[in-house]
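Chemist: model the following, please.
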Amino acid sequence: PELRNTPLLLLKEGHCLKDHVLAACKFQPAEMKHSLMGTSLNTLVQMVAGQMGITLVPEMALNQLIYDSAEIKAVHLNEPGPHRKIAFITRLNYAGTRNIEVLMKLFRQQLSKARSGHVVE
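Modeler: Next up is the predicted model:
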């Protein structure tokens, strides 16, 4: 409810993150009369620093985007579990399949640690 009165800064049409943000906030596009659009995550963060509104960014980009910024505060969503699924894609005859399996295991371990014990499947 309190977000509905605050300008929500979103990426322009065509970015899947815009749809993810609207879904996380449980907003329909028509409800976003006071939103502003940016072309990159860096632009959105600079708009937040300029007190133009609020935005949501992927956690994996958070440290890089707000590193050493006194004007910006990160507030984590109160929803459990991963919010984005990723996949490794290879050719059918790719010779490095074992390397991909090792990377997947490493990613799962690191993501589980980062999410404070939430199991990543």
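Chemist: can you pull the pLDDT of the spatially most central residue of the chain?
Modeler: Centroid check for the chain by CA atoms, centre = their mean gives residue 58 as the closest residue, at 1.8 Å. With respect to pLDDT, residue 58 has a value of 83.
Chemist: tell me how far the helix or strand bottoming out on mean pLDDT in the chain lies from the chain's centre.
Modeler: Counting by mean pLDDT, DSSP states H and E, the chain has its least confident helix or strand at helix 16-24, which shows a mean of 76. On the basis of CA atoms, centre = their mean, to the nearest Å, helix 16-24 sits 9 Å off its chain's mean C-alpha point.
Chemist: show me which positions of it end up buried.
Modeler: For helix 16-24, burial by neighbour count (16 or more other CB atoms under 10 Å) applies to 17, 18, 21, 22. Using the backbone N, CA and C atoms, a C-beta is placed for each residue, glycine as well.
Chemist: which one of the residues you listed is nearest residue 104?
Modeler: Within those, proximity to residue 104 (CB to CB) peaks at residue 17, which comes in at 23.3 Å.
Chemist: ok, for that closest one, nearest residue in space, not its chain neighbours?
Modeler: residue 11 (5.3 Å; CB to CB, 6 or more residues apart in numbering).
Chemist: beta partners for the nearest residue to residue 35 once chain neighbours are set aside?
Modeler: Spatially, and ignoring its direct neighbours in sequence, residue 35 is nearest to residue 8 (4.6 Å; CB to CB, 6+ apart). On the basis of DSSP bridges, residue 8 is bridged to residue 54.
Chemist: check contacts around residue 8.
Modeler: By CB atoms under 8 Å, 6 or more residues apart in numbering, residue 8 lies in contact with 21, 25, 27, 32, 34, 35, 36, 53, 54, 55.
Chemist: picking up where we left off before, elements contacting the least confident helix or strand of the chain?
Modeler: strand 9-11 (3 or more CB pairs under 8 Å, 6 or more residues apart in numbering; DSSP states H and E).
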